[in-house]
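J.: what shape does this take:
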Amino acid sequence: MQFRHTFSDGFGRAARFPWRRRRADEWLRNPTNDVAHTAHAWRAAELASPRQRRLLANTLREVAEVRARSGTLGGRYRPRHTASVSRRESLEALAASLENENQSVTPAGMLRVLDLVTSGTGPLWGTSVRALDDALEATFALLGARSNVRMPESQAA
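T.: Predicted coordinates:
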């Protein structure tokens with residue numbers, strides 16, 4: 001398998017120096033910062049890559065499906081994820097917008113989705129529907145994907 005990239009500060013160097021990734025993420029979290037900044041262009045490309053988009057979309061779909069099916073992830077631990085169960089359609093819409101490779105996304109939006117999925121104390125994994133609604137609205141806005149994806153009417157209360 002051959003791995004190609006065109007950025008001088010490429011993906012391999014970031015793996016050896018995790019502080020580079022953190023620094024780039026801090027810069028890219030601000031949607032007003034210049035994405036083409038040469039020191040962080042590699043991370044912007046990594047975040048917007050089809051692989052990263054599919055990975056996050058599949059994770060969101062899995063969260064929505066598992067919660068809808070059984071309400072648990074299996075085993076004896078049975079967390080209450082009422083927010084993600086009640087907002088399944090919105091999670092599916094977010095996953096669909098990530099999978100649409102013709103639609104451009106912003107690095108700040110991709111970082112927001114990454115935070116939503118990986119933060120164990122975040123609104124995706126909690127019980128507050130209002131907090132998840134706010135997080136999803138902000139995520140859609142940051143992604144730049146809100147123009148053609150609407151929150152389902154049944155959830156827009």
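J.: how about the helices in this structure?
T.: Remark: helices assigned in the chain by DSSP state H are 11-16, 18-28, 41-47, 50-69, 82-86, 88-99, 107-118, 129-143.
J.: ok and the longest one relative to helix 107-118, angle-wise?
T.: Meaning helix 50-69. Relative orientation of helix 50-69 and helix 107-118, computed by axes from the mean of the first three to the mean of the last three Cα atoms, to 10 degrees: 40 degrees.
J.: same thing with the last one?
T.: With the same axes, to 10 degrees defining the directions, helix 129-143 sits at 150 degrees from helix 107-118.
J.: and helix 129-143, what does it pack against?
T.: Packed against helix 129-143 by the contact rule (3 or more Cβ pairs under 8 Å, 6 or more residues apart in numbering; DSSP states H and E) you find helix 82-86, helix 88-99, helix 107-118. Backbone N, C-alpha and C define where each C-beta goes, glycine included.
J.: just the CA atoms from it would do, formatted as CSV, please.
T.: The C-alpha trace of helix 129-143 is given here as CSV (Å, rounded to 0.1, in the frame of the first residue of the first chain):
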residue,chain,number,x,y,z
VAL,A,129,-31.9,16.8,24.6
ARG,A,130,-31.5,20.6,24.6
ALA,A,131,-27.7,20.3,24.9
LEU,A,132,-27.6,17.9,22.0
ASP,A,133,-29.8,20.1,19.9
ASP,A,134,-27.5,23.1,20.6
ALA,A,135,-24.5,21.0,19.8
LEU,A,136,-26.0,19.7,16.5
GLU,A,137,-27.0,23.2,15.4
ALA,A,138,-23.6,24.6,16.1
THR,A,139,-22.0,21.6,14.3
PHE,A,140,-24.1,22.0,11.2
ALA,A,141,-23.3,25.7,11.1
LEU,A,142,-19.6,25.2,11.5
LEU,A,143,-19.5,22.4,8.9
